[in-house]
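Asker: Okay, structure incoming, though there's no sequence with it:
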């Protein structure tokens, strides 16, 4: 970390290591992280421990994707000298803080968390929620506070998780009378969530509706061809709809030439512009976005040790930051230290 | 630890650090631990992290009693070269294992645990059970398995906790196809629980019905004088009852001369033996039991650094044992290691 950077606000963000990143992540978070790393102290957590809370049956998937995602980070331009890339399972202070915080949060409070409620439903856990899954908001509070992060970029569905964190922070700071822990605020992305190429709101690798950052030129062409547009827009001469038209949503997200996109939209709505012409433009744009990322990814994939070394360096830095917070908090609580 | 001891069966036991130990602990566990340390690999866990699951509001109490209890251990004859005395909060592998195991146990399963159900009721938590308290059986599974203990001395009310541990062991061993984790069996004390001096079943410092291991000669005399006997036994000449008579229960637990006790009982039942004579005998016995413990305790209390050094040495040994189990389990699960 640059010595001068210690005054900068601290951001914690990261990804569950359950699959390689795709264009949705690029638009929703990665681009922003690349921008923020020069103005903030940014910690990027490879959340393998959290990924296990609903993937304990498939730890190999969780492991495999650690290197995949770290490679994605470096490929999109995350600079491991500016951003600390670290591996959650290798930061023992996080587990200690989680267990400590669990004593300050009731089971009833966790069960009321709207994010958890939704996720329990969407994962079909029913009564068989793993205890680790119910408690993951506490683990997340540990992550955020261990780094003393004050800014946490999240989707709007994740705001309750930040509220849970701040409740723990206030409760513990009140008890100790010391402000060891910092409250955090949600940095909510202004960019809407990118839909899947099939028009579904949720992108997911298992649905086959994503474009991964490692996509080949052919895969990009194919994905754009299959992209959902306006099912009523059969002939080029017909007027078409922009809303729900994935091709235009992607153009809005990736095409830097706003005027050209506005012009295309007007022509599409009026009639006389075929899907294939719009798709051609989007394909060119996406090829331009992904080509350099893919090139760096290919180079990095040849040197997995280089990627792991960056993670190892970041994890060591993060170990020292998080262990210091744990020590400071234990002292504030009046807990005995043998050291 | 003696080099030759590595073949011996592994025992894990310990105490929540919520108050100094008393005669109830001496009879129920300490005497046994002193005996077991020469035939077993014995780990004694100062369970400060578990104590916090229902004492998060008073961490100072939990901290203070770490040295108190460690002093009790050494005073009763625990040899820190034979027994590994270690501090739970300073074993980060235990926290990591707990979070890992929490992914293999459902919330519903934890809520069904009879020990937890009883304890929730007796602590009056109602709906405000701390998440850490609900999950402490998982933490206990982490403790037991981290040391690869196969024997866990418990009261009969704690057998469900061993069952919970073995469920986790079987589930994870089945998934990995490797027997990294060991099942444990409960070693149930054959000695009944010692009642409080007031005759209540439960001894508790807050009730003032215990005799601490640090009791002075006066405190012992006073406690025996106040001891609950047979309320119907008013005059020495009257026949008296043995059942529920705390003085005889204590004689059974502490008086090595079984014949003399049997004789006293017969005379008491027949009538003609006053409470004061029986109490005098018990007082002498207890003075003999506690005097050497108190003397060692006083000497140790002058050297708290000596006590802490023993805990520190044991904790270092335990760190290496528990970290090795965590490493081995993570490898068996196929989890990535950066090392």
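Answerer: Ah, there it is. Source: prediction; values computed, not measured. Numbers count the residues shown, from 1 in each chain, chains lettered A, B, ... in the order given.
Asker: what about the helix or strand containing residue A:42 and chain B, any contact?
Answerer: Taking DSSP states H and E as the criterion, residue A:42 maps to strand A:41-47. No - figure legend: strand A:41-47 not in contact with chain B (C-beta under 8 Å from any C-beta of the partner chain); closest approach 9.5 Å. C-beta coordinates here come from the backbone N, C-alpha and C atoms, glycine included.
Asker: Give me the nearest residue to residue A:133, chain neighbours excluded.
Answerer: residue A:53 (4.5 Å; C-beta to C-beta, 6 or more residues apart in numbering or on different chains).
Asker: Could you do residue A:79 as well?
Answerer: Closest to residue A:79 by C-beta to C-beta, 6+ apart is residue A:37, at 6.1 Å.
Asker: what's the burial count for that neighbour?
Answerer: 22 (other C-beta atoms under 10 Å in any protein chain shown).
Asker: And residue A:82, by the same measure?
Answerer: Residue A:82 has 17 nearby residues by other C-beta under 10 Å.
Asker: Would you confirm that it contacts residue A:41?
Answerer: No - assessed by C-beta atoms under 8 Å, residue A:82 is found out of contact with residue A:41, at 9.1 Å.
Asker: Would you mind naming what in the stretch 151-300 of chain A lies close to chain B?
Answerer: Counting by C-beta under 8 Å from any C-beta, the stretch 151-300 of chain A comes close to chain B at residue A:175.
Asker: Can you name the residue of the stretch 151-300 of chain A nearest chain B?
Answerer: residue A:175 (7.1 Å; C-beta to the nearest C-beta).
Asker: show me the contacts for that residue.
Answerer: A:333, B:57 (C-beta atoms under 8 Å, 6 or more residues apart in numbering or on different chains).
Asker: helix, strand or coil for it?
Answerer: Of the three states, residue A:175 takes helix under DSSP: H, G, I helix; E, B strand; the rest coil.
Asker: Contacts only, for residue A:253.
Answerer: Contacts of residue A:253 (C-beta under 8 Å, 6+ apart): A:27, A:191, A:194.
Asker: Need the nearest residue in space to residue A:181, chain neighbours excluded.
Answerer: Here the residue nearest residue A:181, using C-beta to C-beta, 6+ apart, is residue A:169, at 4.3 Å.
Asker: now do residue A:114
Answerer: Excluding its sequence neighbours, the residue lying closest to residue A:114 (C-beta to C-beta, 6+ apart) is residue A:160, at 5.1 Å.
Asker: That neighbour contacts residue A:118, doesn't it?
Answerer: No - look at residue A:160 against residue A:118 with C-beta under 8 Å: they stay out of range, at 9.6 Å.
Asker: neighbour-wise, which of the two wins?
Answerer: Neighbours of residue A:160 and residue A:118, each counted by other C-beta under 10 Å, are more numerous for residue A:160; the result is 18 against 12.
Asker: quick one: the more buried one from residue A:167, how far?
Answerer: Between residue A:160 and residue A:167 the computed distance is 10 Å (C-beta to C-beta, to the nearest Å).
Asker: Overlap in contacts, the two.
Answerer: Common neighbours of residue A:160 and residue A:167 (C-beta under 8 Å, 6+ apart) do not exist.
Asker: Need the per-residue pLDDT for residue A:3.
Answerer: On pLDDT, residue A:3 comes in at 44.
Asker: how about residue A:83, what does it touch?
Answerer: By C-beta under 8 Å, 6+ apart, the contact list for residue A:83 reads A:33, A:37, A:42-44, A:73, A:314.
Asker: what do you get if the cut-off is 10 Å, keeping everything else the same?
Answerer: The contact partners of residue A:83, taken as C-beta atoms under 10 Å, 6 or more residues apart in numbering or on different chains, are A:1, A:11, A:13, A:33-34, A:36-38, A:40-44, A:73-74, A:77, A:310, A:314.
Asker: Thought residue A:184 was touching residue A:146, still the case?
Answerer: No - between residue A:146 and residue A:184 there is no contact under C-beta atoms under 10 Å: 11.5 Å.
Asker: what do the two both touch?
Answerer: With C-beta under 10 Å, 6+ apart, residue A:146 and residue A:184 have common neighbours residue A:12.
Asker: out of everything not next to it in sequence, what's closest to residue A:191?
Answerer: Once flanking residues are discounted, residue A:191 sits nearest to residue A:27: 5.7 Å by C-beta to C-beta, 6+ apart.
Asker: next one: residue A:72
Answerer: Per C-beta to C-beta, 6+ apart, closest to residue A:72 is residue A:21, 4.2 Å.
Asker: returning to that earlier point: make a ChimeraX selection of whichever of the contacts of residue A:253 turn out to be buried.
Answerer: Buried subset of the contacts of residue A:253, written as a ChimeraX selection, criterion 16 or more other C-beta atoms under 10 Å in any protein chain shown:
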select /A:27,194
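Asker: Looking at the contacts of residue A:253, which are in strands?
Answerer: In strands, judged by DSSP state E, none of those are found.
Asker: Go ahead and name everything in contact with stretch A:152-164.
Answerer: Residues outside stretch A:152-164 that contact it (C-beta under 10 Å, 6+ apart) are A:10-14, A:28-29, A:32-33, A:36, A:42, A:101, A:105, A:109-110, A:112-119, A:136-138, A:140-141, A:143-144, A:165, A:183-189, A:193.
Asker: thinking again about what came up before, I'd like the contacts of residue A:253 as JSON lines, with pLDDT and distance to residue A:237 appended.
Answerer: Compiled in JSON lines, those are given as follows (pLDDT from 0 to 100; distance: C-beta to C-beta, whole Å):
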{"residue": "A:27", "pLDDT": "92", "distance to residue A:237": "32"}
{"residue": "A:191", "pLDDT": "74", "distance to residue A:237": "33"}
{"residue": "A:194", "pLDDT": "91", "distance to residue A:237": "30"}
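Asker: Please produce JSON lines containing the contacts of residue A:253, extended by distance to residue B:201.
Answerer: Below are these laid out as JSON lines (distance: C-beta to C-beta, whole Å):
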{"residue": "A:27", "distance to residue B:201": "65"}
{"residue": "A:191", "distance to residue B:201": "64"}
{"residue": "A:194", "distance to residue B:201": "64"}
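Asker: So for the helix or strand where residue A:250 lies, mean pLDDT?
Answerer: Assigned by DSSP H and E, residue A:250 falls within helix A:246-254. What helix A:246-254 shows for mean pLDDT is 96.
Asker: Residues contacting whichever strand or helix holds residue A:269, please?
Answerer: Assigned by DSSP H and E, residue A:269 falls within helix A:258-270. Applying C-beta under 10 Å, 6+ apart, the set of residues contacting helix A:258-270 from outside is A:229-230, A:233, A:236, A:238-242, A:245, A:247-248, A:251-252, A:254-255, A:257, A:273-275, A:277-278, A:281-282, A:285.
Asker: buried sites along that helix?
Answerer: A:261, A:264-265, A:268.
Asker: on contacts alone, who are the packing partners of whichever strand or helix holds residue A:330?
Answerer: Residue A:330 belongs to helix A:304-333 when assigned by DSSP H and E. Helices and strands touching helix A:304-333, by 3 or more C-beta pairs under 10 Å, 6 or more residues apart in numbering or on different chains; DSSP states H and E, are strand A:41-47, helix A:59-76, strand A:83-87, helix A:92-101, helix A:136-146, helix A:159-176, helix A:275-301, helix B:59-76.
Asker: For chain A, give me the ranges with low pLDDT.
Answerer: Low-confidence segments of chain A, defined by pLDDT under 70: A:1-5, A:127.
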